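Undergrad: would you be able to build a 3D model of this:
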Amino acid sequence: MRILTASDRTLLVEAADLDEAMRLNLAWDGVPGIVERIPGARTVLVRFDPVRTSAAALAAVLEATEVDAEHTTHAREVTVPVHYDGEDLAEVAGLLGVSAEELVNRHLAADWQVAFSGFAPGFGYVVSGDPLFDVPRRSSPRTRVPAGSVALAGQFTGVYPRESPGGWQLIGRTDAVMWDIDREPPALLAPGVSVRFERAGRDAVVGQTSENRDDLASRRGVAARHAGATPSRLGFPTGAAVEIVRPSLQLLVQDAGRPGHAALGVSASGAADRTALRDANRAVGNDPAAAVLESVGGAVLRFHGDGVAAVTGAIGTLTLTDADGIVRTIGHGEPFATADGDLLALGHPSHGLRYVIGVRGGFAAASALGSRASDTLAGLGPAALASGDVIAIGDAGVHTVAPRPVARELPASGDLVELTITLGPRDDWFTAAALEVLTGQEWLVTPRSDRVGIRLQGDVPLERAEQGELPSEGAVTGAIQVPPDGQPVLFLPDHPLTGGYPIIGALTDHCLDTAAQLPPGARIRFRIEEGLS
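TA: Reported below is the predicted structural model:
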């Protein structure tokens, strides 16, 4: 066992193989201070609460844990019908030195079991004892893999629950629904499940495809979706609602997220700027985790009924126009009264990137797995808001309103921001020169960034010392993952839970909210903070 620093609140434990990783993951269930565990192909990512334990103390406990010799038993069995017509089938068969028909027959005959979940909700890493299945990923990942694609990578079979990018080798497709939020459990291929693949016939599957089901699920929580929505046509009291007049580049419902569902392949997601979330809810008297709106750039909202609102996060011009056309300026972070018909206009931010709009009572979008957060990678929670959408206001306001929060210095485009990081867990996959480049040069925040991650660009790419493939392992928000081109991606809340590119370091927790407010054109310089030795 080797224990590595994955962030200032996370350890990555290396195991000898997949079986030992699964047994370690089970053995650490209930260890005090552990918040969440994410098993991988040969590792277990352990996230901990620094108030209850330290990295060094937890590492000592993990090392001393006695591990059962037996692997987890099968929880249940499922059958997945497959059309074996994937575009990589012949090429993979050639790589493995067998015919396409033999590859299919051995895939059908093998005893498969879901070892762990990751990448996306419902994506199970399914393993068998057949040594044939050890397949390299594609050298260049596809930008679009259709939902239901059955694929191979390493020793695993996986089924893509929804359309997404991916680098696995495609051997077939299925119409089986991999992820259904209304099913228990939502993931068809949950850890421990025994899987049997069979050839699909014309009538093998009845019902919605996983892509259609995900599309419907992603739209839950939007109270009304039509242009020109009027109060008389809403399905809830008009005394508590907000209408989207003009959306921003991305306007989402967010709250504190849904931690604790890593076993299902579900990341915590939630507000990218947690400080702005807390400040907005405190300003209007809500519980700290109540649902808010997160806006990338300017937007215009109309209030139905009287209430109280506040805008935090990014800094820009805020105006409120009443029914008589009278315009007044709103102070950043200050609670303000709203009347029926008022229009709130958020100007383009001068500093920061994401506004957070809180209303007294919180937004009453439908929840998924106990949270109203919109996870853009997983397609979980409410869809992005569009012009004409109207959202009900709930009853989360139980406290008195608060004064303006402490002022924050947020970056503008062109500003240089210093962010502290811990090295690891895979800094040893890079050359000594790459580690110097990581902290020695500035990194530009590119426009190709979103809630999944910030794509950075530096004059000198990070050079790897290890050129092989890294078995899939867990990742945290703030992780700095390095693709083959050497230009890092800084993970934000909607990142995949597991991945196969090495992570050279991770932001310390207190830098995460600043990272969420980095606009395109901002520059970053990383500074190393020592982790677990």
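Undergrad: from here on, contacts and neighbour counts on C-alpha atoms
TA: Will do.
Undergrad: could you measure from Ala432 over to Val292?
TA: 44 Å (C-alpha to C-alpha, to the nearest Å).
Undergrad: may I see the buried residues of stretch 246-255?
TA: Buried residues in stretch 246-255, counted by 16 or more other C-alpha atoms under 10 Å: Arg246, Pro247, Ser248, Gln250, Leu251, Leu252, Val253, Gln254, Asp255.
Undergrad: who's more crowded, Ala432 and Val292?
TA: Each of Ala432 and Val292 has its neighbours counted (other C-alpha atoms under 10 Å); Val292 has more, 31 against 14.
Undergrad: can you get me a residue count around Phe156?
TA: 21.
Undergrad: mind checking how far it is from Ile330?
TA: 55 Å.
Undergrad: Gly397 now?
TA: Gly397 is 21 Å from Ile330, by C-alpha to C-alpha.
Undergrad: need the strands for the stretch 251-400 of the chain, in chain order.
TA: Secondary structure of the stretch 251-400 of the chain (DSSP state E, counting those that start in this stretch): strands at 292-296, 299-304, 307-315, 318-321, 327-329, 336-338, 343-346, 351-359, 390-392.
Undergrad: which strands or helices does the second one pack on?
TA: Okay, so that is strand 299-304. Strand 299-304 sits against strand 241-246, strand 343-346, with contacts defined as 3 or more C-alpha pairs under 8 Å, 6 or more residues apart in numbering; DSSP states H and E.
Undergrad: again, but for the last one
TA: Using 3+ C-alpha pairs under 8 Å, 6+ apart as the contact test, the elements touching strand 390-392 are strand 241-246.
Undergrad: ok, the strand it packs on: who's next to it in the sheet?
TA: Using DSSP bridges, strand 241-246 pairs in its sheet with strand 299-304 (antiparallel), strand 390-392 (antiparallel).
Undergrad: what is the rounded mean pLDDT of the first one?
TA: Taken as a whole, strand 299-304 carries a mean pLDDT of 97.
Undergrad: what angle sits between that strand and strand 351-359?
TA: Orientation note: strand 299-304 sits at an angle of 10 degrees relative to strand 351-359 (axes from the mean of the first three to the mean of the last three C-alpha atoms, to 10 degrees).
Undergrad: what comes into contact with strand 299-304?
TA: 231, 238-248, 338-347 (C-alpha atoms under 8 Å, 6 or more residues apart in numbering).
Undergrad: quick one on the thing from earlier: which of the buried residues of stretch 246-255 fall in helices?
TA: Counting by DSSP state H, no part of the buried residues of stretch 246-255 is found in helices.
Undergrad: switch those residues over to TSV; also include distance to Arg138 and pLDDT.
TA: Below are the buried residues of stretch 246-255 laid out as TSV (distance: C-alpha to C-alpha, whole Å; pLDDT from 0 to 100):
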residue	distance to Arg138	pLDDT
Arg246	41	97
Pro247	38	97
Ser248	36	97
Gln250	32	97
Leu251	34	98
Leu252	33	98
Val253	35	98
Gln254	35	98
Asp255	37	98
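Undergrad: now the two most distant members of those.
TA: With distances taken as C-alpha to C-alpha, the most widely separated pair in the buried residues of stretch 246-255 is Arg246 and Asp255, at 21.7 Å.
Undergrad: can you give me the helices in this structure?
TA: Using DSSP H, helices in the chain cover 18-27, 55-64, 89-96, 100-109, 210-218, 274-284, 432-440, 512-516.
Undergrad: doesn't Ala309 make contact with Ala240?
TA: No. Applying C-alpha atoms under 8 Å, one finds Ala240 not in contact with Ala309, separated by 11.7 Å.
Undergrad: now do the phi/psi pair for the residue in the chain sticking out farthest from the centre.
TA: Distance from the C-alpha centroid of the chain peaks at Asp324, with 43.1 Å (C-alpha atoms, centre = their mean). Asp324 adopts backbone torsions of phi -90, psi 0, taken as degrees, to the nearest 10.
Undergrad: can you tell me what sits against stretch 240-248?
TA: Against stretch 240-248 from outside (C-alpha under 8 Å, 6+ apart): 229, 295-307, 385-394.
Undergrad: same thing but at 6 Å, please
TA: By C-alpha atoms under 6 Å, 6 or more residues apart in numbering, the surrounding residues in contact with stretch 240-248 are 296-305, 386-393.
Undergrad: and it, how far from the chain's centre?
TA: 25 Å (C-alpha atoms, centre = their mean, to the nearest Å).
Undergrad: and stretch 445-460, by the same measure?
TA: Worked out by C-alpha atoms, centre = their mean, stretch 445-460 lies 16 Å from the chain centre.
Undergrad: buried residues in stretch 121-134?
TA: Buried, per 16+ other C-alpha under 10 Å, within stretch 121-134: Pro121, Gly122, Phe123, Gly124, Tyr125, Val126, Val127, Ser128, Phe133.
Undergrad: hang on, Ala516 packs against Ala272?
TA: Yes. Counting by C-alpha atoms under 6 Å, Ala516 does reach Ala272; the two are 5.5 Å apart.
Undergrad: out of the helices of the chain, nearest to Gly352?
TA: Of the helices of the chain, nearest to Gly352 by C-alpha to C-alpha is helix 512-516, at 8.3 Å.
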